[in-house]
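S.K.: Here is a sequence with its predicted model. Questions after.
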Amino acid sequence: MHEPKGRYLSPTGPRGFIGDLVHFAHKIPSAPVSRTFDVSALAGPRARHPLRPSWSCLFMKAYALVGAEHAPLRRAYLEFPWPRIYEHPYMNCALAIERQYMGEDGVFVGLFRAPEHQSLAQLQGSLREYKDRPLEEVGFFRQALRFSRVPRPVRRFFWWSTLNIAGSKRCKRFGTFGLSTYGSLGAEQIHPISPLTTTLTYGPIDPEAGRVVVKLIYDHRVLDGAFVARRLRDIEDALHGPILRELLDGPSTVEPARTPHMAASPSLVPRAD
């Protein structure tokens with residue numbers, strides 16, 4: 001009797017991107033620090049806000065505001081030509097976004113430049129475009145898909161050079177911090193990995209108590225656990241301070257949505273220049 005055989009698939013597109021990402025993320029000596037936040041005070045104002053901004057935008061801006069005040073959160077470890085730490089002048093967020101690609105779910109990354117200087121309306125507008133526009137119309141996604149077809153040794157060299165040679169290019173093209181969450185799916189990440197200095201993640205938000213576990217995963221070559229624990233407290237304070245005030249004030253005018261290439265840096269994928 002003939003036994004059916006499986007098939008081989010080429011890890012291109014989002015799978016190729018994630019393969020490159022975890023290849024370099026595994027080299028980072030990362031550790032997680034967690035804290036339980038009470039975000040019950042934000043639930044009502046968020047629900048009543050005309051744009052009902054995503055929790056990801058709220059956490060993104062709160063962390064960016066903290067990073068603007070604490071320079072170590074804007075630093076990155078570079079290895080070539082000698083070990084050194086680079087400090088970026090502002091925060092850039094790399095947000096993991098799930099999109100459909102060739103009939104399957106795939107992870108793409110949307111970049112948000114200086115969230116601390118953008119309104120929640122602008123961040124929500126950019127997020128909406130990242131989620132809703134066709135993949136081929138989003139420059140970052142189009143470049144990432146095209147770059148995934150480059151031979152792996154060439155891709156890995158470009159990744160390595162971008163991450164380790166020029167700090168400014170690294171932060172503009174990959175971000176200063178990552179943000180990833182399965183909270184809306186009722187799940188919590190234990191220890192997400194990333195080549196970036198920090199990654200912020202949060203689990204499901206209790207609809208009654210308004211409590212949520214928030215984690216900050218950090219590169220131990222750049223930061224220490226006690227510092228990260230204090231910054232988690234600062235993020236919660238930022239949520240209850242400027243973020244809550246902005247929700248209560250609402251958008252003063254209807255702000256135009258900033259397209260992803262306006263809201264973020266010039267390139268998602270590494271380049272040779």
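M.R.: Arrived safely, thanks for sending. Numbers count the residues shown, from 1 in each chain.

S.K.: list the helices and strands the host helix or strand of Leu145 packs on?
M.R.: For Leu145, the host element (DSSP states H and E) is helix 139-147. If you count contacts as 3 or more Cβ pairs under 8 Å, 6 or more residues apart in numbering; DSSP states H and E, helix 139-147 packs onto helix 14-25, strand 104-113, helix 260-263. Where you see a C-beta, it was placed from the backbone N, CA and C, and this is true even at glycine.

S.K.: Just give the number of residues close to the nearest residue to Ile165 once chain neighbours are set aside.
M.R.: Leaving aside its chain neighbours, Ile165 sits nearest to Phe80 (5.5 Å; criterion: Cβ to Cβ, 6 or more residues apart in numbering). The local packing of Phe80 (other Cβ atoms under 10 Å) involves 12 other residues.

S.K.: what separates Phe80 from Ser161, distance-wise?
M.R.: Phe80 sits 8 Å away from Ser161, going by Cβ to Cβ, to the nearest Å.

S.K.: Arg173 now?
M.R.: 11 Å.

S.K.: any idea of the pLDDT on Ser267?
M.R.: pLDDT for Ser267: 43.

S.K.: and if you look at Arg271?
M.R.: Arg271 is assigned 40 on the pLDDT scale.

S.K.: wait, which of the helices and strands packed on helix 139-147 is closest to Val154?
M.R.: Set against Val154 and scored by Cβ to Cβ, those come closest in helix 14-25, at 11.0 Å.

S.K.: Just the C-alphas of that closest one, formatted as CSV.
M.R.: What follows is helix 14-25, C-alpha atoms only, in CSV (Å, rounded to 0.1, in the frame of the first residue of the first chain):
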residue,chain,number,x,y,z
PRO,A,14,7.4,36.0,7.8
ARG,A,15,9.0,32.6,8.6
GLY,A,16,12.3,33.7,7.2
PHE,A,17,12.2,37.0,9.1
ILE,A,18,11.4,35.2,12.4
GLY,A,19,14.2,32.7,11.7
ASP,A,20,16.7,35.5,11.3
LEU,A,21,15.4,37.3,14.4
VAL,A,22,15.6,34.3,16.7
HIS,A,23,19.1,33.5,15.3
PHE,A,24,20.4,36.7,16.8
ALA,A,25,18.0,36.9,19.7
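
S.K.: Next, the buried residues of that helix.
M.R.: Buried residues in helix 14-25, defined by neighbour count with 16 or more other Cβ atoms under 10 Å: 14-18, 20-21, 24-25.

S.K.: cool, stretch 193-209 as well?
M.R.: In stretch 193-209, counting by 16+ other Cβ under 10 Å, buried: 193-205.

S.K.: Make TSV from those and add distance to Ala43, pLDDT and secondary structure to it.
M.R.: As requested, the buried residues of stretch 193-209 are exported to TSV (distance: Cβ to Cβ, whole Å; pLDDT from 0 to 100; DSSP: H, G, I helix; E, B strand; the rest coil):
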residue	distance to Ala43	pLDDT	secondary structure
Ile193	30	93	coil
Ser194	28	96	coil
Pro195	34	97	coil
Leu196	29	98	coil
Thr197	30	98	coil
Thr198	26	98	strand
Thr199	25	98	strand
Leu200	19	98	strand
Thr201	19	98	strand
Tyr202	14	98	strand
Gly203	16	97	coil
Pro204	13	97	coil
Ile205	8	97	coil
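
S.K.: quick one: Gln189 and Pro204 touch, right?
M.R.: No. Using Cβ atoms under 8 Å, Gln189 is not in contact with Pro204; the gap is 11.3 Å.

S.K.: okay if I get the helices and strands packed on helix 139-147 as CSV plus mean pLDDT and distance to Leu123?
M.R.: Below are the helices and strands packed on helix 139-147 laid out as CSV (pLDDT from 0 to 100; distance: least, Cβ to Cβ, whole Å):
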stretch, mean pLDDT, distance to Leu123
helix 14-25, 93, 23
strand 104-113, 94, 6
helix 260-263, 40, 7
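
S.K.: Out of these, flag the one nearest His240.
M.R.: strand 104-113 (21.9 Å).

S.K.: by how many degrees do that closest one and helix 139-147 diverge?
M.R.: Using axes from the mean of the first three to the mean of the last three Cα atoms, to 10 degrees, the inter-axis angle of strand 104-113 relative to helix 139-147 is 130 degrees.

S.K.: In the very next helix or strand once past strand 104-113, which of the residues would be classed as buried?
M.R.: Past strand 104-113, further along toward the C-terminus, the next helix or strand under DSSP H and E is helix 120-132. Applying a neighbour-count criterion of 16+ other Cβ under 10 Å, one finds 120-127, 129-130 buried in helix 120-132.
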